[in-house]
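> build me a model from this:
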Amino acid sequence: MSTERYKPGFLEQWGRRVLISIQSKAKKPLDSGQSFASQTKILLLGGVFYSFWIGFLPSVTFVFLSTYLPPLLFWPLDKLSFLALTPFVFLLALVTLIEFYLLFRLGFYLSYRMAQYADIELAEEPELITPIPGMMARLVLEIPDPRIRLYGIDPYKHLNERALFFRTVLYKSKVFLSNISAKLLLKVFLGRTGIRFLIEYISGPVTGIWDSLTTYWILYELRKRIITRKLSDAIMLKIKSKKRNVIFIESSVRAVALSIVFTKTFHPNFEYLLFGLIGLLPQKDNLRELDDWPAFVDSFQKLSVEEQKWPIAIFALCSSFDGTLNKEELQAFEEITDLSPTWLLDRVRHLSETIKKGELAESLLWMEKILPEESIL
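Residues are numbered from 1 along each chain as shown. Prediction:
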C-alpha cells in the first residue's frame with residue numbers, strides 16, 4: 001500500500017487544519033525553566049478542569065430547557081408525538097454539538113501546546129500516512145489509527161477482533177450507561193423525597209466526569225506519542241550518521257515490523273521509523289514477510305556481531321513506545337537472550353516508565369543507554 005491510497009476523513013482533515021491554524025497564530029512560550037513533564041502535567045490538569053465544565057454545563061442546560069418542552073412519551077409507540085419529538089431532538093443535537101465542538105477545540109489547543117513544549121513543528125509530511133498534525137487530530141477526535149497493511153505487515157494477526165468490537169461498543173456508550181446507572185442509584189436512595197427532581201440533573205456531573213477522563217487519556221497518550229516521536233528522530237539520526245549496508249537496514253526494518261505486530265496497531269511512530277528506514281534501501285519492491293519472527297532472527301546470521309546489536313536495540317526501543325511491555329514482547333525477549341545483553345530488558349522497562357511519566361530528557365538518556373555504542377570514526 002502506498003501513502004496515496006489513504007485518504008483522511010472529513011473530521012481528521014478539519015482537525016489538521018485547526019492545528020495548523022493554531023500554530024500560525026501562536027507565539028513561542030517563554031522559557032519557564034520547567035521540565036517537559038512538569039509543563040505537560042499542568043496541561044493535563046487544566047484539560048481535566050475545563051473538560052468537566054464543558055460536559056457539565058451543556059448537560060444541565062439541556063435538562064433545564066427540556067422541562068419547557070411538550071411532554072414526551074416514548075411508550076407505547078402510538079402515543080409518541082412527532083410535534084413533541086422534534087424540539088426534543090433539536091435541543092439534544094444542539095447541546096451535544098456545542099459540547100463536542102468546545103471539547104475538540106480545547107483538545108486541539110492543549111495538544112498544540114504540548115507539541116510546542118517538546119519543540120515539535122506541526123508540518124505536513126507528504127511522505128507519511130500520519131504526519132504530526134494527523135496523529136494529534138486523530139487522538140483529539142478519538143479516531144482510531146487506520147487499519148492499513150504495508151509491505152505485508154499485518155498488525156492484526158494476533159488481535160481478537162470480536163473482543164475489540166465489544167470493548168469499542170461499551171466505550172462509546174459509556175456516558176449513556178453511566179447516566180442510567182446513576183439515575184437508578186439515585187432513585188433507590190432518594191425514593192419519594194422532596195429532592196427527587198435532582199435525579200434528571202445527574203447527567204451533568206456524569207458527563208463532566210467522563211469528558212474529564214477522556215481528555216486526560218487523550219493528552220496522556222499524546223504525551224507518550226510526542227516523546228516516542230522524539231526518540232524516533234534520534235534513532236534515525238544515529239542510523240544515518242554512518243554508512244550502513246543493505247542487510248543491516250533490512251534487519252532493522254524487520255525489527256520495527258515485528259513491533260507493529262506485537263503492539264497490534266500501526267502506531268504513527270512505527271510508521272515514521274518504517275518509512276524512514278525503508279527510504280534508505282535502494283530496492284523496496286522485494287521486501288517480503290517483514291513481520292515474520294524466524295526471518296527476523298535469521299537475519300542476524302548475515303550481520304557482524306556488532307551489527308547484530310542494532311536490530312535488537314531497535315526492537316527493544318519500539319516495544320517501549322506504548323509505555324508498556326506486553327506478554328508477547330516479554331516472550332520475544334526470552335527467545336533472543338543469547339543475542340542480547342542481560343541488562344537490556346531492565347533498561348527497556350526503565351525507558352517505558354520514563355515515557356509514561358512524561359520525562360522527555362530522561363527518555364532520551366535511556367535510549368542512548370539501549371542503543372549500541374559506536375566509535376566516531
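> alpha carbons only for contacts and neighbour counts from here, please
Fine.
> where are the low-confidence patches of the protein?
By pLDDT under 70, the low-scoring segments of the chain are 1-6, 30-32, 71-84, 157-200, 323, 325-326, 330, 333, 336-340, 375-377.
> could you pick out the longest helix of it?
The longest helix of the chain (DSSP state H) is helix 203-240.
> give me the helices and strands touching that one, please.
helix 36-66, helix 82-117, helix 132-140, helix 174-190, helix 268-278, helix 344-357, helix 360-370 (3 or more C-alpha pairs under 8 Å, 6 or more residues apart in numbering; DSSP states H and E).
> show me how far stretch 103-121 is from its chain's centre.
The chain centroid and the centroid of stretch 103-121 are separated by 14 Å under C-alpha atoms, centre = their mean, to the nearest Å.
> my bad, stretch 304-323
How far stretch 304-323 lies from its chain's middle: 22 Å, per C-alpha atoms, centre = their mean.
> then stretch 354-361?
15 Å.
> endpoints of it, how far apart?
End-to-end distance of stretch 354-361: 9 Å, with C-alpha to C-alpha, to the nearest Å as the criterion.
> hmm, Phe36 is touching Gln116, no?
No - Phe36 is not in contact with Gln116 according to C-alpha atoms under 8 Å; the separation is 10.1 Å.
> for Val95, see how far away the closest residue to Tyr201 other than its chain neighbours is.
Nearest residue to Tyr201 in three dimensions, chain neighbours excluded: Val60, at 5.9 Å (C-alpha to C-alpha, 6 or more residues apart in numbering). For Val60, the distance to Val95 (C-alpha to C-alpha) stands at 10 Å.
> so where does Ile143 fall, helix or strand?
In the assignment (DSSP states H and E), Ile143 maps to no helix and no strand.
> then the one 5 residues further on?
Taking DSSP H and E as the criterion, Ile148 maps to no regular element, lying outside all helices and strands.
> what sits up against stretch 311-323?
The contact list for stretch 311-323, computed with C-alpha atoms under 8 Å, 6 or more residues apart in numbering, reads 224-225, 228, 248, 251-252, 254-256, 258-259, 262-263, 270, 325, 329, 340, 344-345, 348-349, 351-353, 355-356, 367, 370-372.
> now do the contacts for Trp343.
Going by C-alpha under 8 Å, 6+ apart, the list of residues near Trp343 is empty.
> just Gly152 next, same as before
Contacts of Gly152 (C-alpha under 8 Å, 6+ apart): 288-291.
> so it: helix, strand or coil?
When classified by DSSP: H, G, I helix; E, B strand; the rest coil, Gly152 comes out as coil.
> over to the one 4 residues further on?
In three-state terms, and counting by three-state DSSP, Tyr156 is coil.
> how many neighbours does it have?
18 (other C-alpha atoms under 10 Å).
> my guess is it meets Thr263, correct?
No - using C-alpha under 8 Å, Tyr156 is not in contact with Thr263; the gap is 9.1 Å.
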